[in-house]
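*Asks:* With the sequence up front, the predicted model follows.
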Amino acid sequence: MRIEDDNYMGGEKSLFHSLRILKFGIQIIAIGEITDFSEANYIREEIDNFTGDNEFNLTWASYKYAWSPLRKELQRKLRNALPLNPSLINELKKVEKIS
């Protein structure tokens, strides 16, 4: 997670979208489409309410410490979901050949 210094609003938005994209990717791989666009909304609420160690000591290190475990877990789930849908893997291979 890379967030520019002192750009908390932009950083929080980027953090949320990076986690949401992983959740959407898991849905796409598992069932072939995104069926629940609200699945990650709770993450946005948690990020908006995040105060780190305390509201006067909010740092990017606090964000990283708080959200890296979820990011790693979602990345693991995404990797593990890949074998579930062989036809999607074949489609991805076709797209890679075209690009």
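*Replies:* Noted; the coordinates are in hand. Just so you know, these numbers come straight off a predicted model, no measurement behind them.

*Asks:* Only C-alpha atoms from now on, for both contacts and neighbour counts.
*Replies:* Noted.

*Asks:* For residue 50, the count of nearby residues, please.
*Replies:* Neighbour count for residue 50, taken as other Cα atoms under 10 Å: 16.

*Asks:* Return the per-residue confidence for it.
*Replies:* pLDDT, residue 50: 89.

*Asks:* Helix, strand, or coil at residue 36?
*Replies:* Three-state assignment for residue 36 (DSSP: H, G, I helix; E, B strand; the rest coil): coil.

*Asks:* Any stretches of this protein with poor pLDDT?
*Replies:* Applying pLDDT under 70 to the chain flags the ranges 1-7, 53-57, 84-85, 89, 92-93, 95-99.

*Asks:* What are the boundaries of the helices in it?
*Replies:* Secondary structure of the chain, counting by DSSP state H: helices at 8-31, 41-48, 60-81, 86-98.

*Asks:* which of these is buried the deepest?
*Replies:* Mean neighbour counts were taken over the helices of the chain using mean count of other Cα atoms under 10 Å, and the top value, a mean of 17, falls to helix 8-31.
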